[in-house]
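Trainee: I'd like to go over a predicted model; first the sequence, then the structure.
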Amino acid sequence: MQGVTVVDHPLVQHKLTIMRKKETSTASFRRLLREISLLLGYEVTRELELTSTRIDTPLEPMDAPTLEGKKLVFASVLRAGNGLLEGLLDLVPAARVAHVGLYRDPDTLRPVEYFFKAPSDLADRLVIVVDPMLATANSAIAAVEKLKERGATNLRFLCLLAAPEGVEKFRAAHPDVPVVTAAIDSHLNDHGYIVPGLGDAGDRMYGTK
């Protein structure tokens, strides 16, 4: 799919398989999500712009590569996005963080906003939106729309799993936002869950039902 990168690294796929298993414990699921977010984060940050700076090594001075521009922003779609966020902050500790509070109405499957907090200068930063599941895409679309309203122009979307229906809908709404995921599964069921999927990522991460 155009604009979509599936990270097929063996470690990503192995960890994802363990997370899919229904018998995997809450503690293990949470740990694996943090680990896999580091690997996905490597891919989603692959094209960060670099400049050079003069440094002194123990042997001699040199011009060495360093990240250019303002620090990037990780925008977590609450609550499940925080599972990816923790690993990404291990990778880029100086990143800014935005929180977009959305929940899915069980009847309409439409997103309902209840919280939003972000840095004020989003227009000057790369914003990586994180949510484990791209299912109906309603929440992802709403989150990106909200961030664009606040000035964001350079965005990427990172998820653990995606459904073909969600990818198609998201790309139609935001063709300028690349998607990075570990897998695109078969389809959505009648309740808007990804199949075969791994269940509700937030519930599995926090041990709730």
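Mentor: That came through fine. In this text, all values refer to a predicted model and were calculated from it rather than measured experimentally. Residues are numbered from 1 along each chain as shown.
Trainee: count of neighbours near Leu33?
Mentor: Neighbours of Leu33 under the rule other CB atoms under 10 Å: 24. All C-beta spots, glycine's among them, are computed from the backbone N, C-alpha and C.
Trainee: thought Asp131 was touching Ala140, still the case?
Mentor: Yes: if you go by CB atoms under 8 Å, Ala140 and Asp131 touch, sitting 5.9 Å apart.
Trainee: who touches both of the two?
Mentor: 77, 157, 159 (CB atoms under 8 Å, 6 or more residues apart in numbering).
Trainee: now intersect these with the helices, please.
Mentor: Among the shared contacts of Ala140 and Asp131, DSSP state H puts none in helices.
Trainee: with distance to Arg171 and pLDDT as new columns, can the residues you listed be given to me in CSV?
Mentor: As requested, the shared contacts of Ala140 and Asp131 are exported to CSV (distance: CB to CB, whole Å; pLDDT from 0 to 100):
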residue, distance to Arg171, pLDDT
Val77, 17, 93
Phe157, 10, 97
Cys159, 13, 96
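Trainee: in this structure, which spans are strands?
Mentor: 4-6, 50-56, 61-67, 73-78, 96-104, 111-117, 126-130, 133-134, 154-158, 161-162, 179-181, 183-184, 187-188, 194-195 (DSSP state E).
Trainee: and Met19, which of these is closest to it?
Mentor: Set against Met19 and scored by CB to CB, the strands of the chain come closest in strand 161-162, at 9.2 Å.
Trainee: so what touches that closest one?
Mentor: Contacts for strand 161-162 (CB under 8 Å, 6+ apart): 4, 16, 132-135, 179, 181-185, 194, 197-198.
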